[in-house]
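# with the sequence up front, the predicted model follows.
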Amino acid sequence: MDGESRSRAGATRPGLAALALCRFAGGRCGTANTLAGVSLASTDTLVVEQPWSFGSLLWRTRYRATAYDGQDRPVAVVAERRGPGLLAPVRLTGLSGRTPFDLRVCTPDSREVLGIRKGFALRRPRTHVLGPRGEPLGSIQAEPGHRFALLDAHGQRICLLADVAALDIRALARRDGRRVRRDVLRVRPGTPEPLRSLVLATGLAFDVVRNVGTWHYASGAASSLPAG
């Protein structure tokens, strides 16, 4: 876990897409009208951070991440709707990524803009992405070779993540004196909805999508993910 390791999902694109997510302010989420209507809709870089201290790596059983824009302003927090309950001990093992996750993404005024869900499975479960009213937007399928397929609401393949975005992961940094892991997501300009929401969800919950969950010893040193 020492030092800095990075992984790129696809080649770096010359342009960046507008992202539309904001920070969770705590408490219960309401419902946003549309993802595009959230403030900071012109954000072009999403920096996703997780606590990376020894204690958080050893004992973490709940997924939580904070996202910032390119100017280092907090724009989103992803948190679980409820704790893992009896599955908490499993979250401390290599099977953490196989347990169910039900995440929400909220704005500064506590409005939910995305839902991210994955059920229990032993192989390669899909991660489902929901809109602010719970409507299905599509899903993400982890594939062999560290590829991630983006599927529409009917399960039809749209493209690979690397076709529309670049994702740098596992850069170690410090925020407010605390060690964090920093992932950076960049989206190709003009990526339409709901595809863009699938890309955002992948960056916001990458460890859930790639079946690592909260057990980060399973991820090891990151490698270069292939382009689409």
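Happy to help now that I have it.

# now the helix ranked longest in the chain: average pLDDT?
Ranked by residue count under DSSP state H, the longest helix found in the chain is helix 195-204. Per-residue pLDDT over helix 195-204 has a mean of 93.

# with stretch 210-219 instead?
For stretch 210-219, mean pLDDT rounds to 76.

# residues contacting that stretch, please?
Stretch 210-219 has contacts (C-beta atoms under 8 Å, 6 or more residues apart in numbering) with 1, 52, 57, 60-63, 91-99, 101, 124-125, 142, 146, 148, 170, 181, 207. Every C-beta, even on glycine, is put in place using the N, C-alpha and C of the backbone.

# narrow those residues to those in helices?
Reading helices off the contacts of stretch 210-219 with DSSP H, I get Leu57, Asp207.

# in the chain, which spans are strands?
Chain-ordered strands for the chain, with DSSP state E as the definition, fall at 7-8, 30-31, 46-51, 64-68, 74-80, 101-106, 111-118, 126-130, 136-143, 147-151, 157-160, 165-175, 178-187.

# can you pull the poorly scored residue ranges out of the chain?
1-43, 55-56, 217-228 (pLDDT under 70).

# export the longest helix of the chain to PDB, keeping only CA atoms.
Once side chains and other backbone atoms are set aside, the C-alpha atoms of helix 195-204 remain, and they are given as PDB (Å, rounded to 0.1, in the frame of the first residue of the first chain):
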ATOM      1  CA  LEU A 195     -24.600   6.700 -21.000                       C
ATOM      2  CA  ARG A 196     -22.900   9.500 -19.100                       C
ATOM      3  CA  SER A 197     -24.700   8.500 -15.900                       C
ATOM      4  CA  LEU A 198     -23.300   4.900 -16.300                       C
ATOM      5  CA  VAL A 199     -19.800   6.400 -16.700                       C
ATOM      6  CA  LEU A 200     -20.200   8.600 -13.600                       C
ATOM      7  CA  ALA A 201     -21.500   5.600 -11.600                       C
ATOM      8  CA  THR A 202     -18.500   3.600 -12.600                       C
ATOM      9  CA  GLY A 203     -16.100   6.200 -11.400                       C
ATOM     10  CA  LEU A 204     -18.000   6.900  -8.200                       C
END
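
# before we move on, back to that, now distance to Ser197 too, for the strands of the chain, in CSV please.
Written out in CSV, the entries for those read as follows (distance: least, C-beta to C-beta, whole Å):
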stretch, distance to Ser197
strand 7-8, 22
strand 30-31, 15
strand 46-51, 12
strand 64-68, 14
strand 74-80, 12
strand 101-106, 10
strand 111-118, 6
strand 126-130, 6
strand 136-143, 5
strand 147-151, 10
strand 157-160, 12
strand 165-175, 12
strand 178-187, 11
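
# isn't Arg98 right up against Lys118?
No - Arg98 lies out of contact with Lys118 (C-beta atoms under 8 Å); the separation is 9.2 Å.
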